[in-house]
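[1] Pasted the sequence and its predicted model underneath.
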Amino acid sequence: MPITILMPALSPTMEDGTLAKWMVKEGDTVASGDILAEIETDKATMEFEAVDEGVIGKLLVAEGTEGVKVNDAIAVLLEEGESAEDIATGAVADTKATPSAPSAPEPVSAAAPVPAKPDGQRMFASPLARRIAADKGLDLSLITGSGPRGRIVKADVENASAPTATPVAAATPRVSATPEPSAPAAEQTDPNTIVRIYEDRSFTEVPLDGMRKTIAARLTEAKQTIPHFYLRRSVGLDALLAFRSDLNAELEGRGVKLSVNDFIIKACANALQQVPAANAVWAGDRILQLDPSDVAVAVAIEGGLFTPVLKDAHQKSLSTLSAEMKDLASRARDRKLAPHEYQGGSFAISNLGMFGIENFDAVINPPHGAILAVGAGKKKPVVSDDGTVTVATMMSMTLSVDHRVIDGALGAELLQAIVDGLEHPMALLA
């Protein structure tokens, strides 16, 4: 019987993707290993290979379709002796990924009564959830909401069981002499509400691609669920800059040019070995303490960022780290990284010094235990040990720490080890 080809999960975190391009057309014969399509995940564009052999009977999803859920049907493959008439359209329709147009904003009537739960508490539900409930004859007061502050959303209504005996239309509005409380922040920031605020202003609506959606979701999760605290230090760079200049002069014949960021990566990798308890990640019900220093480095690309991971960074030379970082950054900008190249690690570095930013606080990328925000090196007056004032190149660093994984004293020890490595750069070669 015909084989249904499903949208693959090309990374552990992938929930949906964009079918960027079909590499086959209906009627083409394919074998195992042939490239069927190019699929855009939240991070990269990847090729999707055929597992079975046969003839492409029907393409169910058009090129450029966004938001195709993992395990949705995207095509039908016919085996030997089968024809297009053998495709069970009814069976395919159950899993077919049919992209639906966004629902038109539903006006909220000020006169509509606010639904209430049986215990008299106010019940919050999105306009779309109310409409679906009305169509299905469901009583919203009997549905538990999964949204903020118990708000009932579309998925809650769709997953609700059979219609209740008392349809919503028959519910008697609660009469109360007490004015209803104002809408929660979740309702005040409803997308349609925000759009209406700016209806009389000129603006360009920029749709969210998969990467921007993922960044928004992960960073919201990070700030809401990770108890951040911040440790700040300044580090003197003059010794490092002089050492780097001498090394680059020696390495010029090999075409190697080390950056300050290469030294920072190496200093962080060594520090994680010196303070092994801080080389850890949060795993929900446990902490995983890593043996190698796998250091992620934020790379800005158009529309978002990647955090490629330099694995076993403590074992690599500065020149090796420099070459590997250049390669990862280049392929990140082309969105050609494989998932294993940007997943994992226990620690991250975000360096905005090249943009002139002197200091900032970075958001931890879960499940990492910490992230180092690096600012620009600036010449500043410094009081030396003998009390004289000199001019030195100083760089500000802020370590954002997950308090579930690393306590204050441990974080301070880690940051001290990083500072020591940068202020005594020759030791990084040991």
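    On my side now, so go ahead. Numbers count the residues shown, from 1 in each chain.
[2] and stretch 9-18, average pLDDT?
    For stretch 9-18, mean pLDDT rounds to 80.
[3] so how far is that stretch from its chain's centroid?
    Computed by CA atoms, centre = their mean, to the nearest Å, the chain-centroid distance of stretch 9-18 equals 12 Å.
[4] for stretch 206-217, same thing?
    8 Å.
[5] So which residues make contact with that stretch?
    13, 16, 17, 18, 40, 41, 42, 43, 66, 303, 304, 305 (CB atoms under 8 Å, 6 or more residues apart in numbering). C-beta here means a position set from N, CA and C on the backbone, and glycine is covered the same way.
[6] Let's see that with 10 Å instead.
    For stretch 206-217, contacts defined as CB atoms under 10 Å, 6 or more residues apart in numbering pick out 13-18, 40-44, 66-67, 102, 301-306, 335, 365.
[7] could you pull out the helices for the stretch 201-350 of the chain?
    Counting by DSSP state H, counting those that start in this stretch, the stretch 201-350 of the chain has these helices, from start to end: 210-225, 238-251, 260-274, 318-333, 339-342.
[8] Relative to residue 404, which of these is closest?
    helix 210-225 (9.4 Å; CB to CB).
[9] in that closest one, what counts as buried?
    210, 211, 213, 214, 215, 222 (16 or more other CB atoms under 10 Å).
[10] Kindly report the same for stretch 18-28.
    18, 19, 22, 24.
[11] Same check on stretch 229-244?
    Buried, per 16+ other CB under 10 Å, within stretch 229-244: 231, 234, 235, 236, 237, 238, 240, 243, 244.
[12] Also stretch 313-321?
    Neighbour-count burial for stretch 313-321 [16+ other CB under 10 Å]: 313, 314, 316, 318, 319, 321.
[13] Also stretch 317-334?
    Buried-residue list, stretch 317-334, by 16+ other CB under 10 Å: 318, 319, 321, 322, 324, 325, 328, 329, 331, 332.
[14] and if you look at stretch 32-51?
    36-46, 48, 50.
[15] Now for residue 347: which residues touch it?
    268-269, 271-272, 278-281, 290, 293-297, 309, 313, 364-365, 368-372, 399, 414.
[16] Please apply the same query to residue 245.
    residue 258.
[17] 6 Å instead?
    By CB atoms under 6 Å, 6 or more residues apart in numbering, the contact list for residue 245 is empty.
[18] likewise the one 3 residues further on?
    Residue 248 is in contact with 257, 258, counting by CB under 6 Å, 6+ apart.
[19] so how far is residue 54 from it?
    From residue 248 across to residue 54, the span is 57 Å (CB to CB, to the nearest Å).
[20] quick one: which of the contacts of stretch 206-217 sit in strands?
    Residues of the contacts of stretch 206-217 located in strands (DSSP state E): 16, 17, 18, 40, 66, 67, 301, 304, 305, 306.
[21] Tell me the most packed of those residues, by neighbour count.
    Taking other CB atoms under 10 Å as the neighbour criterion, residue 17 ranks highest of the ones in strands among the contacts of stretch 206-217 with 26 neighbours.
[22] Next one: that one from residue 36, what distance?
    13 Å.
[23] do the same with residue 318
    Residue 318 is 43 Å from residue 36, by CB to CB.
[24] can you pull out the strands in the stretch 101-250 of the chain?
    228-236 (DSSP state E, counting those that start in this stretch).
[25] Could you list the low-pLDDT ranges of it?
    101-128, 147-151, 161-189 (pLDDT under 70).
[26] can you give me the end-to-end distance of stretch 332-346?
    End-to-end distance of stretch 332-346 (CA to CA, to the nearest Å): 20 Å.
[27] Run the chain-centre distance for it.
    Counting by CA atoms, centre = their mean, stretch 332-346 comes out at 12 Å from the chain centroid.
[28] Likewise for stretch 196-211?
    Distance, centroid of stretch 196-211 to centroid of chain: 21 Å (CA atoms, centre = their mean).
[29] now swap in stretch 340-359 and tell me
    On CA atoms, centre = their mean, the centre of stretch 340-359 falls 14 Å from that of its chain.
[30] Report the buried residues of that stretch.
    341-353, 359.
[31] Pipe the residues you listed into CSV and attach distance to residue 254 and pLDDT per row.
    Converted to CSV, these look like this (distance: CB to CB, whole Å; pLDDT from 0 to 100):
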residue, distance to residue 254, pLDDT
341, 25, 92
342, 28, 91
343, 32, 90
344, 30, 92
345, 28, 94
346, 31, 96
347, 29, 97
348, 29, 97
349, 25, 97
350, 29, 97
351, 24, 96
352, 29, 96
353, 26, 94
359, 35, 94
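[32] Between all of these, which two are at the greatest distance?
    It's 341 and 359 that sit farthest apart of the buried residues of stretch 340-359, by CB to CB, at 29.3 Å.
[33] quick one: contacts for residue 48?
    8, 36, 37, 39.
[34] go with 10 Å
    Shown in contact with residue 48 (CB under 10 Å, 6+ apart): 5, 7-8, 10, 17, 19, 22-23, 35-39, 74.
[35] The nearest residue to residue 37 once chain neighbours are set aside: what secondary structure?
    In space, and not counting its chain neighbours, residue 37 is closest to residue 48: 4.8 Å by CB to CB, 6 or more residues apart in numbering. Following DSSP: H, G, I helix; E, B strand; the rest coil, we place residue 48 in the strand state.
[36] Now do residue 48, the pLDDT please.
    89.
[37] Against residue 332, how distant is it?
    21 Å.
[38] Let me see the mean pLDDT of stretch 389-407.
    On average, stretch 389-407 scores 96.
[39] Next, the buried residues of that stretch.
    For stretch 389-407, using 16+ other CB under 10 Å, the buried residues are 392-402, 405-406.
[40] Of those residues, which pair is most distant in space?
    392 and 405 (33.4 Å).
[41] hang on, the earlier thing: now the buried residues of stretch 229-244 as CSV including distance to residue 254?
    Below are the buried residues of stretch 229-244 laid out as CSV (distance: CB to CB, whole Å):
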residue, distance to residue 254
231, 37
234, 33
235, 28
236, 29
237, 24
238, 26
240, 21
243, 17
244, 15
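[42] Of these, just say which sits nearest to residue 192.
    For these, the nearest to residue 192 is residue 231 (41.6 Å; CB to CB).
[43] shouldn't the closest one be in contact with residue 407?
    No - counting by CB atoms under 10 Å, residue 407 is not a contact partner of residue 231; they are 11.2 Å apart.
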